[in-house]
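Colleague: Just a sequence and a predicted model for now, questions to come.
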Amino acid sequence: MMAAKQAYTQEEIQAWLCSNLASALQVEASEIDIQQPLEEYGLDSTQAMSIVTKTEKMLGFEISPTLLWHYPNVEMLSQRLAEESAELGGEITDTTVTNQLNIIKPATLDLNAEIVLDPAIRPPAPSSRFTGQLDNIFLTGGTGFLGAFIIHELLQQTNADIYCLVRADDTNAGKQKLQHNLESYALWDEELSARIIPVLGDLSLPRLGISTEGFEMLAANVDSIYHSAAMLNYVYPYPALKAPNVLGTQEVLRMASLFKLKPVHYVSSVAVFESSAYAGKIVKEDDEFQHWQGIFLGYSQTKWVAEKLVKLASDRGIPVTIHRPPLISGDSRTGACNTDDFINLVIKGCIQMGCFPDVDYMLDASPVDYVSKAIVYLSRQSESIGKAFHLQHPQPQPLSHLVDWVSSVGFPVEMVPYEEWQARLINNLSSADNPLYTLRPFLLEKWSDEQITIPDLYLQSRRPKISCEETLNALAGSGIVCPPLDSQLLMTYSAFLMQNGFLSAV
Ligand SMILES: NC(=O)c1ccc[n+]([C@@H]2O[C@H](COP(=O)([O-])OP(=O)(O)OC[C@H]3O[C@@H](n4cnc5c(N)ncnc54)[C@H](OP(=O)(O)O)[C@@H]3O)[C@@H](O)[C@H]2O)c1
């Protein structure tokens with residue numbers, strides 16, 4: 001039996017962690033920055049395990065490995081461990097500990113209270129109407145997957161110069177980062193490249209990390225804003241993602257309202273409907289999304305709050321369009337996709353395991369070329385202002401179709417009951433070569449009082465039915481059609497993934 005001998009305070013735990021980290025790193029405890037992400041200390045896994053083991057002994061309970069993901073620096077981890085310590089004070093059994101610690105209990109978070117938009121963000125003067133002129137565009141997320149395709153579409157569909165927010169040391173490096181990203185998706189066009197202009201900054205900082213003069217210059221000259229940047233991390237908790245995803249959106253809205261009105265085309269997500277209140281319900285583009293209880297992922301929570309800020313700005317008179325993609329899959333023409341994204345890693349991991357879980361899950365991913373074309377087209381229609389759009393795939397397919405197809409092209413995979421898949425994940429994976437190996441704690445972690453895992457949370461019965469009828473109506477006549485999720489598309493995707501070595505032929 002393991003007993004929690006006493007409750008420790010945050011300060012005590014913090015001091016303990018700092019002193020142990022300092023001795024492992026052979027530095028003074030005062031040199032430990034409690035807000036620095038733990039992974040940046042450069043500890044090897046033996047050192048990390050030794051600190052975890054000593055801390056468990058001191059506290060008298062086991063530390064769940066995913067706590068380190070959810071509370072990724074000394075300050076946050078100490079605060080959470082102090083809460084656990086207080087909850088578990090007194091004599092307890094191993095079983096009690098395990099049961100309690102396996103449930104992620106996010107610190108009390110009221111997402112409604114997070115909807116705070118600086119009162120200064122409002123249209124400058126009634127005379128400053130937005131004119132529809134489009135010479136200069138400001139875009140965030142241009143070094144990301146969707147952002148690359150939005151840049152490509154804007155280069156094709158407009159004559160505007162595109163000022164792209166980019167994290168880099170200097171403008172040369174910024175331009176190279178943008179170029180490298182577009183090249184990786186086969187989208188770079190040297191002839192149009194002079195219209196892509198890097199703006200150094202950081203979404204998580206005031207004024208997007210741009211100097212006051214630079215920010216004001218952009219605010220005075222930009223005609224339209226596309227906000228696609230966000231930190232897509234499914235493991236971090238809300239506080240770790242708030243600065244880029246929520247406060248960054250506020251800074252984008254600030255730029256939109258300064259000096260002259262300019263529309264903001266905001267890339268949101270269907271995740272705003274992840275609350276259990278929408279389970280099984282049809283949600284339409286203009287439905288309210290007031291429910292947030294039961295949204296578990298910190299990322300989805302930030303997308304909910306950020307879209308609420310955009311809605312508030314719209315209510316104050318700032319012209320906005322809102323675009324909610326589902327999971328975004330590769331380019332239907334070339335197969336080019338983001339091989340680092342969660343869904344690709346899970347599919348690759350399941351192929352390597354030889355099995356997929358037999359769960360009721362509809363694959364509703366939309367190809368990135370459809371999503372980007374639709375965003376740019378819809379953003380340019382005056383009747384789109386104030387509206388939201390669902391870029392959901394109009395004909396989703398059951399997961400079993402994907403699995404049938406994967407086996408038909410020569411990968412030996414089967415569907416096994418979910419519990420068996422979980423058991424194989426726990427018992428059979430021993431190498432980090434399988435991407436599911438590192439995702440294992442995340443996939444097995446139990447959430448909420450119902451103690452369900454992340455795959456459970458996304459079962460069909462727990463998800464809303466996202467209607468895209470209004471969006472399809474708005475796209476009618478544009479020639480923009482979502483490519484079907486058929487064997488031709490899957491062939492294009494797998495050819496790309498095999499060619500670049502992500503999947504190996506069998
Ligand atoms: N991918 C999907 O399946 C999906 C589904 C629904 C909605 N969405 C939404 O679509 C948008 C684009 O997603 P994506 O797939 O293109 O993501 P991505 O490939 O991860 O790109 C994210 C972009 O945001 C930038 N960014 C992140 N933190 C930043 C910071 N602090 N300062 C400046 N830039 C920062 C990244 O810049 P760096 O290159 O410097 O990191 C990158 O350009 C996001 O708003 C996302 O929420 C995506």
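Modeller: Great, that's in hand.

Colleague: I'd say residue 210 and residue 203 touch.
Modeller: No. With contact defined as C-beta atoms under 8 Å, residue 210 and residue 203 do not form a contacting pair (10.5 Å). C-beta coordinates here come from the backbone N, C-alpha and C atoms, glycine included.

Colleague: Spit out the residues that contact the two alike.
Modeller: residue 165 (C-beta atoms under 8 Å, 6 or more residues apart in numbering).

Colleague: Now for the closest residue to the ligand within the stretch 1-150 of the chain: which residues touch it?
Modeller: In the stretch 1-150 of the chain, the residue found nearest to the ligand is residue 144; the distance is 2.0 Å by C-beta to the nearest ligand atom. Residues in contact with residue 144 (C-beta under 8 Å, 6+ apart) are 181, 228, 229, 338.

Colleague: The third one: how many residues sit nearby?
Modeller: It refers to residue 229. Counted with other C-beta atoms under 10 Å, the neighbours of residue 229 add up to 28.

Colleague: which ones are touching it?
Modeller: Contacts of residue 229 (C-beta under 8 Å, 6+ apart): 140, 141, 144, 147, 165, 203, 244, 248.

Colleague: So which of these sit within strands?
Modeller: Under the assignment DSSP state E, the contacts of residue 229 contribute 140, 165 to strands.

Colleague: As TSV, the contacts of residue 229 with distance to residue 377 and pLDDT would be great.
Modeller: Output for these, formatted as TSV (distance: C-beta to C-beta, whole Å; pLDDT from 0 to 100):
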residue	distance to residue 377	pLDDT
140	20	98
141	18	98
144	20	97
147	17	98
165	23	98
203	25	96
244	27	95
248	25	98
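
Colleague: Residue 25 touches residue 38, doesn't it?
Modeller: No. Using C-beta under 8 Å, residue 25 is not in contact with residue 38; the gap is 11.8 Å.

Colleague: neighbour-wise, which of the two wins?
Modeller: Neighbours were counted for residue 25 and for residue 38 using other C-beta under 10 Å; residue 38 has more, 18 against 14.

Colleague: Please name the residues that touch the more buried one.
Modeller: 68, 72, 73, 74, 77.

Colleague: Go through those residues and name the one nearest residue 417.
Modeller: Using C-beta to C-beta, residue 68 is the member of the contacts of residue 38 that lies nearest residue 417, at 30.6 Å.

Colleague: For the helix or strand hosting residue 401, give me every contacting residue.
Modeller: In the assignment (DSSP states H and E), residue 401 maps to helix 399-408. Contact with helix 399-408 is made by 347, 351, 356, 358-359, 361-363, 413-415, 485, 487, 490, as judged by C-beta under 8 Å, 6+ apart.

Colleague: Give me the buried subset of the contacts of residue 229.
Modeller: Buried by 16 or more other C-beta atoms under 10 Å: 140, 141, 144, 147, 165, 203, 244, 248, out of these.

Colleague: by contact count, what packs against the longest helix along the chain?
Modeller: In the chain, taking DSSP state H as the definition, the longest helix is helix 298-315. Contacts defined by 3 or more C-beta pairs under 8 Å, 6 or more residues apart in numbering; DSSP states H and E place helix 298-315 against helix 238-242, helix 248-257, strand 264-267, strand 320-324.

Colleague: Out of those, the one nearest the ligand is which?
Modeller: For the ligand, the closest of the helices and strands packed on helix 298-315 is strand 264-267, at 4.3 Å, according to C-beta to the nearest ligand atom.

Colleague: list the helices and strands the closest one packs on?
Modeller: strand 224-227, helix 248-257, helix 298-315, strand 320-324, helix 368-379.

Colleague: List the buried residues in the helix or strand that residue 23 is a member of.
Modeller: If you go by DSSP H and E, residue 23 is part of helix 10-25. If you call a residue buried by 16+ other C-beta under 10 Å, then helix 10-25 has these buried ones: 10, 12, 13, 14, 16, 17, 18, 20, 21, 24.

Colleague: where's the first one relative to residue 20, distance?
Modeller: By that I understand residue 10. 16 Å (C-beta to C-beta, to the nearest Å).

Colleague: for the stretch 1-150 of the chain, what spans make up the strands?
Modeller: Assigned by DSSP state E, counting those that start in this stretch, the strands in the stretch 1-150 of the chain fall at 103-104, 136-140.

Colleague: Serialize those to a markdown table and add fields for distance to the ligand.
Modeller: Below are those laid out as a markdown table (distance: least, C-beta to the nearest ligand atom, whole Å):
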| stretch | distance to the ligand |
| --- | --- |
| strand 103-104 | 21 |
| strand 136-140 | 6 |
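
Colleague: Make JSON lines from those strands and add distance to residue 31 to it.
Modeller: What follows is those, written out as JSON lines (distance: least, C-beta to C-beta, whole Å):
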{"stretch": "strand 103-104", "distance to residue 31": "32"}
{"stretch": "strand 136-140", "distance to residue 31": "35"}
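
Colleague: Out of those, which gets the lowest mean score?
Modeller: The stretch with the lowest mean pLDDT among those is strand 103-104, at a mean of 40.

Colleague: What residues does the stretch 201-350 of the chain have near the ligand?
Modeller: Within the stretch 201-350 of the chain, the positions near the ligand by C-beta under 6 Å from any ligand atom are 202-204, 228-232, 244, 267, 269, 303, 325, 327-328, 338, 341.

Colleague: For those, which PyMOL command selects only the ones that are buried?
Modeller: Buried residues within those, by 16+ other C-beta under 10 Å, are selected in PyMOL with:
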select buried, resi 202+203+204+228+229+230+231+232+244+267+269+303+325+328+338+341
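
Colleague: Counting neighbours, show which residues of the longest helix of the chain come out buried.
Modeller: Across helix 298-315, burial judged by 16+ other C-beta under 10 Å covers 298-314.

Colleague: Out of the contacts of residue 144, which two sit at the greatest distance?
Modeller: 229 and 338 (14.2 Å).

Colleague: what's the closest non-adjacent residue to residue 170?
Modeller: residue 200 (7.3 Å; C-beta to C-beta, 6 or more residues apart in numbering).

Colleague: how deep is the one you found tucked in, by neighbour count?
Modeller: Neighbour count for residue 200, taken as other C-beta under 10 Å: 18.

Colleague: Which residues are in contact with it?
Modeller: By C-beta under 8 Å, 6+ apart, the residues touching residue 200 are 166, 167, 168, 170, 171, 174, 209, 210.

Colleague: In CSV, list the contacts of residue 229 along with distance to residue 427.
Modeller: Below are the contacts of residue 229 laid out as CSV (distance: C-beta to C-beta, whole Å):
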residue, distance to residue 427
140, 43
141, 40
144, 36
147, 40
165, 45
203, 41
244, 37
248, 42
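
Colleague: just the strands in the stretch 151-300 of the chain please.
Modeller: 161-166, 196-200, 224-227, 264-267, 282-283.

Colleague: if we look at the last one, which residues are touching it?
Modeller: In this case it means strand 282-283. By C-beta under 8 Å, 6+ apart, strand 282-283 touches 273, 289, 464, 465, 466, 467.

Colleague: So the first one versus residue 84, what's the distance?
Modeller: Taking C-beta to C-beta as the measure, residue 273 and residue 84 are separated by 32 Å.
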